[in-house]
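Chemist: need a structure here:
(one chain, ligands or ions: 1)
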Amino acid sequence: MKTESTRVKKAIKLATSAHEGQLRKSGDPYISHPLAVMKIVEDWGMDEDTIIAAVLHDTVEDTSITIKQIRDEFGEQVAFLVDGVTKLGDARSGMRDLDTYLPSTKDNLLRLLVATGADIRVLIIKLADRLHNLRTLSALPPDKQKKIAKESLEVFAPLADRLNMGRLRVEMADIAFSYVDPKRYRELSDIIEKYNQSAEKTMQKIRKEVSEALGREKIKFQISGRVKSVYSLHKKLAKHNQNMGEIYDLTALRVIVNDITDCYLTLGIIHSLYMPMNGRIKDYIAMPKQNGYQSLHTTVITKDKKVIEFQIRTHEMHEYAERGLAASFYYNEQKLTESYRTGKIQHLPTSLLWITELQDTAAKLRAGKKVDIKKLRLNLFADKIFVYTPKGDIIDLPKGSLPLDFAYRLHSEIGGRVQGVKINGKMSSLNTKLKHGDIVEIITSKNPTAKASWFDKIITPHARQKLKQQLTKLSG
Ligand code: MN
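Modeler: Here you go, the predicted structure:
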């Protein structure tokens, strides 16, 4: 274990005294949780500010410590991170009941996470927080277990995937799935275990054959087995009508080599040893997945008719596939960031370019260079607020929007029939400025209610235009 710096020690001390006397549901002292979350982000190789923010992440919400205090003692960065994690919690508790809170589309919440997360490190702390809560989920009552597990499957595991944090995604999804559907979880883990046992001999033989062949070609490599996760098997079976015969990657071998040329050489060597399956060769090096994942995949059939998938990649690609975004924050990882830049890892997909920008800024920070802190924040959503429908859909609106803007945004038919509005369950005036996190319910009338005086109660061009059309129609 590495020794903590003075700042980290100070943060641990502060958190420990702040949470003094508080207990977790398991009966453990509360501080065990922030300490575990800290350990997780530390293992992910995050920077010191993130580590400090992780141990302090629940203090502002659950203790008397204030953001100002944290800013004074640990600086602007840590304060910003803790504030971000706290706000993320606030935005969520806006929907008191998780059942109604789960938005109808998963993208909605991802958007919210990104928006309120603002600094990607906030999301990383949040993911670590959720991971530890999942690891200790058995202490909660069954209904809560199910809700948290379901949310983790639908929102947090996909978020980890989007950030290409493969190892995290697998752990989260498998723990969560074991709570959502325990029976199915056991069935499928049995299947995986039995299959791996039956394939063990073949695997050993193949490892040996491949290793010898690569050695003859003087390729430096590492080879290891990878076990399929229970949840991904579940999802795949659902896609293929529960037909096990369609699952070709129950067993996979991973070959890690030094560079891209060796990846393709290795692919050729494997194909010269075993028969590749038609249509099962995937070149994610030339065409990376959306989240930036790179690898060559091929499925082969061995002489004794076993089906085995190979995944071939460079060390850099492997590091990125396992740890994703967190990998780029790794202390000594200038190398990895450098690999992006020099094209060893090809460019991140456009959808993730914002990440590259953050990485660059983070690298500068680590190097002790001055950075405009605003650059660490995603400004994409700076002038927006996010409000919810009673069903939990998230609607983004410009700051200063009013209920009619919201109504027209839902649908012009709803806008044109507004009779009143409930904000957070209370009847409110159409002049009320909406706030981040409000739950807005529009009450409509059977007949059109649009009138010219509404122009004063609207700020969005879209609503203005729709109202205009409706008035023209009504008068015509
Ligand atoms: Mn927490």
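Chemist: ok, now which ones touch Val387?
Modeler: 394-395, 397, 406, 434-440 (Cβ atoms under 8 Å, 6 or more residues apart in numbering). For every residue, glycine as well, the C-beta is placed using N, CA and C.
Chemist: by neighbour count, which of the residues you listed wins?
Modeler: Each of the contacts of Val387 was scored for neighbours by other Cβ atoms under 10 Å, and Phe406 scores highest at 25 neighbours.
Chemist: now for whichever strand or helix holds that one, which elements pack on it?
Modeler: Using DSSP states H and E, the element containing Phe406 is helix 403-410. Judged by 3 or more Cβ pairs under 8 Å, 6 or more residues apart in numbering; DSSP states H and E, helix 403-410 is in contact with strand 394-398, helix 412-415, strand 418-423, strand 440-444, helix 461-475.
Chemist: picking that back up, take the contacts of Val387 and write them to JSON lines, including distance to the ion.
Modeler: Shown next, in JSON lines, are the contacts of Val387 (distance: Cβ to the ion, whole Å):
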{"residue": "Ile394", "distance to the ion": "22"}
{"residue": "Ile395", "distance to the ion": "28"}
{"residue": "Leu397", "distance to the ion": "29"}
{"residue": "Phe406", "distance to the ion": "32"}
{"residue": "Leu434", "distance to the ion": "28"}
{"residue": "Lys435", "distance to the ion": "25"}
{"residue": "His436", "distance to the ion": "21"}
{"residue": "Gly437", "distance to the ion": "19"}
{"residue": "Asp438", "distance to the ion": "25"}
{"residue": "Ile439", "distance to the ion": "24"}
{"residue": "Val440", "distance to the ion": "28"}
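Chemist: identify the residues contacting whatever helix or strand Ala54 lives in?
Modeler: Taking DSSP H and E as the definition, one finds Ala54 inside helix 48-55. Residues outside helix 48-55 that contact it (Cβ under 8 Å, 6+ apart) are 5, 7-8, 11-12, 15, 34-35, 37-38, 40-42, 46, 74-75, 77-78, 81-82, 85, 121, 124-125, 128-129, 329.
Chemist: quick one: secondary structure of the closest residue to Tyr185 other than its chain neighbours?
Modeler: In this structure, Tyr185 finds its nearest non-sequential neighbour in Ser178, 4.3 Å apart by Cβ to Cβ, 6 or more residues apart in numbering. Using DSSP: H, G, I helix; E, B strand; the rest coil, the structure places Ser178 in helix.
Chemist: one step back: now the next helix-or-strand element following the helix holding Ala54: mean pLDDT?
Modeler: Next helix or strand after helix 48-55 toward the C-terminus (DSSP H and E): helix 59-62. For helix 59-62, the mean pLDDT works out to 91.
Chemist: can you give me the buried ones in helix 59-62?
Modeler: Residues of helix 59-62 classed as buried under the neighbour-count rule (16 or more other Cβ atoms under 10 Å) are 59-60.
Chemist: any idea which helix or strand comes after that helix?
Modeler: helix 67-74.
Chemist: which residues touch that following helix?
Modeler: Residues contacting helix 67-74 (Cβ under 8 Å, 6+ apart): 7, 10-11, 14, 49, 52, 56, 59-60, 78-79, 82-83, 86.
Chemist: filter these down to the buried ones and hand me the ChimeraX line.
Modeler: This is the ChimeraX syntax for the buried subset of those, where burial follows 16+ other Cβ under 10 Å:
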select :7,11,14,49,52,56,59,60,78,79,82,83,86
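Chemist: may I see the contacts of helix 67-74 arranged in JSON lines, with distance to Leu410 as well?
Modeler: Shown next, in JSON lines, are the contacts of helix 67-74 (distance: Cβ to Cβ, whole Å):
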{"residue": "Arg7", "distance to Leu410": "48"}
{"residue": "Lys10", "distance to Leu410": "49"}
{"residue": "Ala11", "distance to Leu410": "44"}
{"residue": "Leu14", "distance to Leu410": "45"}
{"residue": "Asp49", "distance to Leu410": "40"}
{"residue": "Ile52", "distance to Leu410": "42"}
{"residue": "Leu56", "distance to Leu410": "39"}
{"residue": "Thr59", "distance to Leu410": "38"}
{"residue": "Val60", "distance to Leu410": "34"}
{"residue": "Val78", "distance to Leu410": "39"}
{"residue": "Ala79", "distance to Leu410": "36"}
{"residue": "Val82", "distance to Leu410": "35"}
{"residue": "Asp83", "distance to Leu410": "31"}
{"residue": "Thr86", "distance to Leu410": "29"}
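Chemist: tell me the least confident of the contacts of helix 67-74?
Modeler: Thr86 (80).
Chemist: would you double-check that it falls in a strand?
Modeler: No. According to three-state DSSP, Thr86 belongs to no strand; its state is helix.
Chemist: quick one: residues contacting it.
Modeler: 57, 60-61, 67.
Chemist: 6 Å instead?
Modeler: 60-61 (Cβ atoms under 6 Å, 6 or more residues apart in numbering).
Chemist: that one and the ion: what is the separation?
Modeler: 10 Å (Cβ to the ion, to the nearest Å).
Chemist: Asn258 now?
Modeler: 40 Å.
Chemist: what about that residue, neighbour count?
Modeler: For Asn258, the count of nearby residues is 13 (other Cβ under 10 Å).
Chemist: tell me if I'm right that it and Lys220 touch.
Modeler: Yes. The pair Asn258 and Lys220 passes the contact test of Cβ atoms under 6 Å, sitting 5.5 Å apart.
Chemist: between the two ends of stretch 289-300, how far is it?
Modeler: 22 Å (Cα to Cα, to the nearest Å).
Chemist: which residues sit against that stretch?
Modeler: By Cβ under 6 Å, 6+ apart, the list of residues contacting stretch 289-300 reads 162, 164, 248, 263, 267, 274, 276-277, 280-285, 288, 308-313, 317, 321, 348-349, 352.
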